[in-house]
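A.B. asks: model the following, please.
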Amino acid sequence: METIIWQWGPFSVPVFSLTFFIAVVIFLIMFFAEGKARRLSDQEMIDFVIVAFAGGLAGSRLAYAVLFDFGYYLENPARLLWLQDGGMSLWGGLLAALLALFFWSARKHVIIECYLDAAAPAFALSLAIGNTGALLRGKLMASPYPWGIEYAGKYYHPDGAYMIVLLLVLFFILRWRKAKRAFEGELFIWFLVGYSLLSIAVDFFRESEPFLWHFTAGQAASLAAILLAFFYLLVGSKIYTSFGYSTYRFSHVKRSWIGSFFRAVLAVAFIGLMVALYYLARQPFPFNW
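C.D. replies: Numbers count the residues shown, from 1 in each chain. Reported below is the predicted structural model:
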């Protein structure tokens, strides 16, 4: 169910491509704004983005090829470069990006946790935006619930809407936790564990083949990410020199309950708007020429 938002002759702009581009732009704006507020190095922020994008793109493509269509890409290795074919793995991309970033930070003696914390909320929000145009992968509903998406007379779970809601909740948690964190790198750990948990939950409502026992590939990767996060918390200070425990002190700002209430109302309204955009993206667009 790929929705085309605009088409002119052979040229077309799918909703997914548009939302992906918007998500990347939003991520860059938020990351650089947060980095400026933290007084991070401009050049190191640029290097961080380049290394993360290069590693993430290569890792996501390779992971998809190995896990989901190994035979085809073994016979046609050049097709790995044909990104327009689709086929990416978020977990493969995230793992490759992290490995590249840790290698880069060790070479450049950069405290990578500062940059990962600056990126965590922006990444959660950009993933939510990207899901507004994601392809429908939800399971067939046992009953036609009102929030289901109708296709060919059947109703499917709106897995993208579930991801949007949970990712935005995670984004607001990270924003709330930012002023309360105890060490550099904590926000990214919250993101990693939070995204893993919501990914496990949403995969139960998707049409996915079991990969390991009864777990899908995404659920298995999510469980591994949770274990990796706890491993990092337990032994990170022993194996990685820039591990940020007790290195920095953060100011904790007290907020009034009135301000908190209005922020909560705005957060709920924003989540509703994003979900509405997701459903709108499932409808035909009148911009085909």
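
A.B. asks: what does stretch 201-213 rub up against?
C.D. replies: Stretch 201-213 is contacted by residues 67, 137-140, 157, 159, 162-163, 166, 216-220, 222 when judged by CB atoms under 8 Å, 6 or more residues apart in numbering. (Each C-beta comes from the backbone N, C-alpha and C, glycine too.)

A.B. asks: run the last query once more with 10 Å
C.D. replies: Residues from elsewhere that reach stretch 201-213 (CB atoms under 10 Å, 6 or more residues apart in numbering): 67-68, 131, 136-141, 156-163, 165-167, 215-223.

A.B. asks: in strands, which of those residues appear?
C.D. replies: 156, 215-216 (DSSP state E).

A.B. asks: could you export stretch 203-217 as CSV, CA atoms only?
C.D. replies: What follows is stretch 203-217 as a C-alpha-only set of coordinates in CSV (Å, rounded to 0.1, in the frame of the first residue of the first chain):
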residue,chain,number,x,y,z
ASP,A,203,5.9,-6.7,16.4
PHE,A,204,3.1,-8.8,18.0
PHE,A,205,0.7,-6.9,15.8
ARG,A,206,2.7,-7.2,12.6
GLU,A,207,2.8,-9.8,9.8
SER,A,208,6.4,-11.1,10.5
GLU,A,209,7.9,-14.5,10.1
PRO,A,210,9.5,-16.1,13.3
PHE,A,211,13.3,-15.7,13.2
LEU,A,212,14.4,-17.3,16.5
TRP,A,213,12.0,-19.7,18.2
HIS,A,214,8.8,-17.6,18.4
PHE,A,215,10.5,-14.3,18.1
THR,A,216,10.7,-12.1,15.0
ALA,A,217,14.1,-10.7,13.8
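
A.B. asks: how many residues are close by Pro146?
C.D. replies: The tally of other residues near Pro146 (other CB atoms under 10 Å) stands at 5.

A.B. asks: and it, that's in a strand?
C.D. replies: No: read with DSSP: H, G, I helix; E, B strand; the rest coil, Pro146 is coil and lies in no strand.

A.B. asks: now it: phi and psi?
C.D. replies: phi -60, psi -30 (degrees, to the nearest 10).

A.B. asks: and it, what does it touch?
C.D. replies: Tyr155.

A.B. asks: again, 8 Å this time
C.D. replies: Pro146 neighbours (CB under 8 Å, 6+ apart): none.

A.B. asks: kindly list the main-chain dihedrals of Glu184?
C.D. replies: As for Glu184, its main-chain torsions (degrees, to the nearest 10) stand at phi -70, psi 140.

A.B. asks: so it touches Ile111, yeah?
C.D. replies: Yes: using CB atoms under 8 Å, Glu184 is in contact with Ile111, at 6.6 Å.

A.B. asks: who has more neighbours, the two?
C.D. replies: Under the criterion of other CB under 10 Å, the comparison of Glu184 against Ile111 puts Glu184 first, with 24 against 18.

A.B. asks: that one bridge partners, please.
C.D. replies: Beta-bridge pairing for Glu184 (DSSP bridges): Gly244.

A.B. asks: measure it to Lys154 for me?
C.D. replies: Taking CB to CB, to the nearest Å as the criterion, Glu184 is separated from Lys154 by 49 Å.

A.B. asks: which residues of the stretch 1-150 of the chain score low on pLDDT?
C.D. replies: Within the stretch 1-150 of the chain, the stretches with pLDDT under 70 are 1-14, 79, 81-87.

A.B. asks: helices along that one, start to end?
C.D. replies: 15-37, 42-68, 70-75, 90-108, 112-130 (DSSP state H, counting those that start in this stretch).

A.B. asks: point out the most buried one among these.
C.D. replies: helix 112-130 (a mean of 25; mean count of other CB atoms under 10 Å).
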